[in-house]
Structures are given as structure tokens and as C-alpha cells.
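Student: I would like to see how this sequence folds:
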Amino acid sequence: MTPPSRRTVRRVDAPDPDRLVESIRARGVVLDRWHDRLGELLEVRGQDAECRALLATLQYAARPPRHRSGAPADLLTRLRDALSHQIDLIVRAAALDVASAQFYRGLQADLSGISPEAPGDPIGVLLQRVADQVHAFYEHALGELPDSAWPAVSWQLAPLRDHPLRVSPDADPYTAEGCTVVLAPDETLVKLRAVAGYFGPEAYLSLPQILVHEFFAHVPTRPRENHDIGVFTEGLMDWAALVLFETTFTGPSLHHGQHLHDLRKDHPGLVRRRHTDEGDVAFPTRATGHLMAQRVVDWWAGQNSGLDLTGIRLRLAGLAARLNVYDGGLSMAEKDVFVTAMTPGNPAMAQALRHYLHHPDGPLEPLLAAAGVSRTGDTNSKEPA
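Tutor: Residues are numbered from 1 along each chain as shown. A predicted model of the protein is given here:
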């Protein structure tokens with residue numbers, strides 16, 4: 001079992017204070033305090049002038065000062081006080097009903113609990129929570145997770161100058177993204193990046209989905225190296241990460257995470273070009289991986305396993321986790337081949353899939369052999385080769 005110290009995700013900061021990072025972090029502190037009210041803020045009051053004014057203040061007051069003096073904590077103080085003042089103006093100047101006035105005063109009360117001297121690190125807490133949940137899922141899927149199967153993980157918050165899709169935040173407020181970098185065979189860095197000029201409630205609420213994807217699909221991946229986008233890493237593994245996310249998170253985080261995923265599923269960066277005799281063909285890695293997974297789920301649903309649909313999806317996600325940490329001589333290209341061969345239309349694959357559905361503790365070798373990518377190792381164990 002992986003030692004707790006190895007499961008702890010270490011935050012890595014720049015040697016010198018980064019004002020843009022502190023600006024994002026300050027908004028994260030505020031949005032964490034408002035977390036339980038963000039659903040109402042966005043879904044019920046999002047079009048109200050009062051709400052728009054408050055969210056504009058959240059961005060404007062979080063701007064780093066033009067001068068470079070002063071402690072980073074000063075920025076959080078300035079943001080807290082500006083938001084509290086804005087709420088005073090809203091309640092005094094707007095003709096609010098009693099419920100609305102109470103709602104905004106509730107936001108103000110939440111702000112009063114922010115201490116610039118001890119602001120906490122809500123993004124770091126969320127990241128550690130996701131890391132623990134993903135680790136626990138892998139541990140359950142493999143039966144036991146050897147030390148070698150999980151690298152030491154550090155994380156870093158970094159600013160983006162532009163929206164990930166090069167669009168206005170008004171058109172797409174999901175301004176955060178993640179990426180995972182393999183630093184060494186046993187060391188991985190998760191980078192969480194957000195647009196410094198706009199980091200609002202939607203972006204904050206999308207962080208769980210972003211982080212589950214990074215930790216599930218990329219952190220423990222074998223072979224332990226940086227990989228190109230493929231139907232395994234961004235297709236099947238993305239599908240499995242989404243399953244875990246949807247069974248773990250609820251409320252506004254679930255809603256906005258699903259919405260972000262829907263918006264990004266056809267991202268041009270997830271399309272690979274394949275050279276054929278007829279010319280280059282666009283190959284949508286994410287859509288293909290999701291399609292193959294859904295076909296297996298639909299087929300398993302008719303196999304009398306005794307599982308409900310959620311249980312079936314989790315079982316396939318468990319298979320994806322085992323494949324992700326399986327090495328056994330397989331290249332990532334061969335794992336891509338496995339995904340495209342994972343169809344019950346192939347009798348050998350159907351037999352292997354049926355057996356795995358009923359015996360998820362069994363070896364992966366029959367599945368790999370049915371896909372034509374069998375190698376050595378994994379003859380009778382859940383553990384990575």
C-alpha cells in the first residue's frame with residue numbers, strides 16, 4: 001500500500017511571489033467561502049444587475065497593484081473589503097426583497113471569516129481531496145496498489161494570459177485548465193492554470209472535474225513518460241475519469257464540471273490526424289474513446305451481471321484504471337489499439353469482456369490477447385507488471 005507521505009501532494013511555488021498567482025488564489029479563497037451559495041448566485045441571480053456588479057468587483061478588486069510593493073496578503077484584504085463594500089451598496093441602493101437582502105448579507109458574513117494572516121489554501125485542499133479519492137479508486141480496482149504504481153506528486157498554480165480557447169470569458173467563463181508533466185520516473189507535476197484576468201465562479205466550480213481528469217487519467221500512467229494525445233489517454237481514460245467525477249461530486253460542482261466537459265469534448269486539440277491512402281483523416285480521440293466505452297457499457301447491461309448502470313460504468317472505469325498502470329511491455333500506441341479493438345463484435349473480445357464483467361479480479365491477459373496486443377506479465381494478478 002502506498003505510504004500516506006507519498007500520497008500527499010506537495011505545493012510548489014515560484015521562488016519570488018507571483019502577483020497574478022496570488023490574485024487567482026485570493027479569488028479562490030473568496031469563492032470557497034461562498035461555495036454553498038454559488039449555485040443560487042449563478043442560477044437564480046446570475047442575470048440580476050446586483051449579481052453582475054458583485055462578480056465584476058470580484059475580478060476588478062483582485063487585480064494586482066500596479067506598484068510591486070506590499071505583502072501578497074494585502075491583495076486578499078483589498079478584495080475582501082471591496083466585496084463587502086459592494087454588498088453594502090447593493091443592499092442600500094437596490095430595492096431588494098427581504099430574501100435577496102438576506103442572501104447578499106449572507107455573502108458578506110462569509111467574507112468576514114476570511115483572515116489574510118491565515119487565508120488557507122482551498123484549491124490545495126480540493127486538489128488533495130481529489131488525489132485521495134483517485135488513489136482510493138485505484139487501490140480498490142487493483143486490490144493493492146504497490147509503491148511503484150503511484151509517483152510522488154507536486155502541484156503548481158500558474159496564470160494564463162489568454163483563455164484556453166482564445167475566446168472572451170463572457171462567451172466561455174471556464175477559464176481554468178490542467179496538465180500533467182512527468183518530471184522523472186517516480187515524480188509528476190500537476191499544473192493548474194487559470195486566466196489571471198478572469199477567474200470566476202464557473203471556473204472555480206469546474207476545478208474538481210479538471211483535477212479528477214488529471215489525477216485519474218495522467219498521474220499514474222504507464223509507461224511513465226509524457227505522452228501524445230491518444231484514444232487511450234484522452235478517450236477511454238477521460239471517460240473513466242468522468243465516471244468517477246460524476247459519482248463523487250454533487251451540486252454546482254457536478255453541473256459545471258459536466259458543462260465544461262461537454263464544451264471541451266470536440267476541442268481541436270483532442271483531434272489527431274491519421275495518414276491514409278486517401279489522405280489525412282481527422283481522428284477525434286476523446287469522442288472515439290467515449291464511444292467504445294459506451295458500447296461496452298451497453299453490451300454489459302444485457303449480460304445479467306446483477307449490477308445497475310452505475311455499477312457497470314464503475315466496473316469499466318476500474319478496468320481502465322488497471323490498464324492505465326499496466327506496463328508489461330505495452331507501449332501507449334498499443335493501449336490505443338486496445339481501445340479501438342474493445343468491441344463485443346469480436347467473439348474473442350466478447351468472451352474476454354464477459355469474463356471480466358463477472359470476474360473483475362482476473363488477469364488482463366485474455367483482454368489484451370483478444371485485442372492483439374498481448375505481452376508478458378499480468379498472468380494472474382491485479383498488480384501492475
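Student: Wait, residue 321 touches residue 216, no?
Tutor: Yes - applying CB atoms under 8 Å, one finds residue 321 in contact with residue 216, separated by 7.4 Å. In short, each C-beta sits where N, CA and C put it, glycine included.
Student: Can you name the residues that contact the closest residue to residue 323 other than its chain neighbours?
Tutor: Closest residue to residue 323 apart from its sequence neighbours, by CB to CB, 6 or more residues apart in numbering: residue 335 at 6.4 Å. By CB atoms under 8 Å, 6 or more residues apart in numbering, residue 335 lies in contact with 230, 232, 323, 373.
Student: Tell me which two of those residues sit farthest apart.
Tutor: Maximum pairwise distance among those (CB to CB): 13.5 Å, between 230 and 373.
Student: neighbour count winner among these two?
Tutor: residue 230 (22 against 19; other CB atoms under 10 Å).
Student: tell me the strands in this structure, going along the chain?
Tutor: 10-11, 152-160, 176-184, 187-195, 271-276, 279-284 (DSSP state E).
Student: coming back round to it: reformat the contacts of residue 335 into CSV and put distance to residue 116 and pLDDT next to each item.
Tutor: Shown next, in CSV, are the contacts of residue 335 (distance: CB to CB, whole Å; pLDDT from 0 to 100):
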residue, distance to residue 116, pLDDT
230, 45, 90
232, 45, 95
323, 46, 95
373, 55, 91
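Student: circling back to that earlier point, overlap of the contact sets of residue 321 and residue 216?
Tutor: Joint contacts of residue 321 and residue 216 (CB under 8 Å, 6+ apart) are 137, 240.
Student: How many neighbouring residues does residue 17 have?
Tutor: When neighbours are counted by other CB under 10 Å, residue 17 registers 13.
Student: Which residue, other than its chain neighbours, is closest to the residue nearest the centre of the chain?
Tutor: Among the residues of the chain, residue 210 comes closest to the average C-alpha position under CA atoms, centre = their mean, at 2.1 Å. Leaving out its chain neighbours, the residue that sits closest to residue 210 by CB to CB, 6+ apart is residue 178, at 4.5 Å.
Student: Just confirm that neighbour contacts residue 213, I think it does.
Tutor: Yes - assessed by CB under 8 Å, residue 178 is found in contact with residue 213 at 6.8 Å.
Student: Tell me which of the two has more neighbours.
Tutor: Ranked by neighbour count (other CB under 10 Å), residue 178 and residue 213 place residue 213 first, with 25 against 20.
Student: any idea how far that one is from residue 88?
Tutor: Distance of residue 213 to residue 88, given as CB to CB, to the nearest Å: 40 Å.
Student: How about residue 362?
Tutor: 64 Å.
Student: show me the residues around residue 137 that make contact.
Tutor: Residue 137 sits in contact with 216, 244, 317, 318, 321, where contact means CB under 8 Å, 6+ apart.
Student: what two of these have the greatest distance between them?
Tutor: Maximum pairwise distance among these (CB to CB): 11.4 Å, between 216 and 318.
Student: higher neighbour count, the two?
Tutor: When residue 216 and residue 318 are compared for neighbours, residue 216 comes out ahead with 28 against 21, by other CB under 10 Å.
Student: low-scoring pLDDT stretches of the protein, where are they?
Tutor: 1-6, 66-73, 267-283, 375-385 (pLDDT under 70).
Student: From the recorded domain assignment, give the ranges for it.
Tutor: 14-112, 123-371 (automatic domain parsing).
Student: So what's the gap between the last one and the chain middle?
Tutor: Averaged C-alpha coordinates place domain 123-371 at 9 Å from its chain's average position (CA atoms, centre = their mean, to the nearest Å).
Student: and if you look at the shortest one?
Tutor: Taking CA atoms, centre = their mean, one finds the center of domain 14-112 at 25 Å from the center of the full chain.
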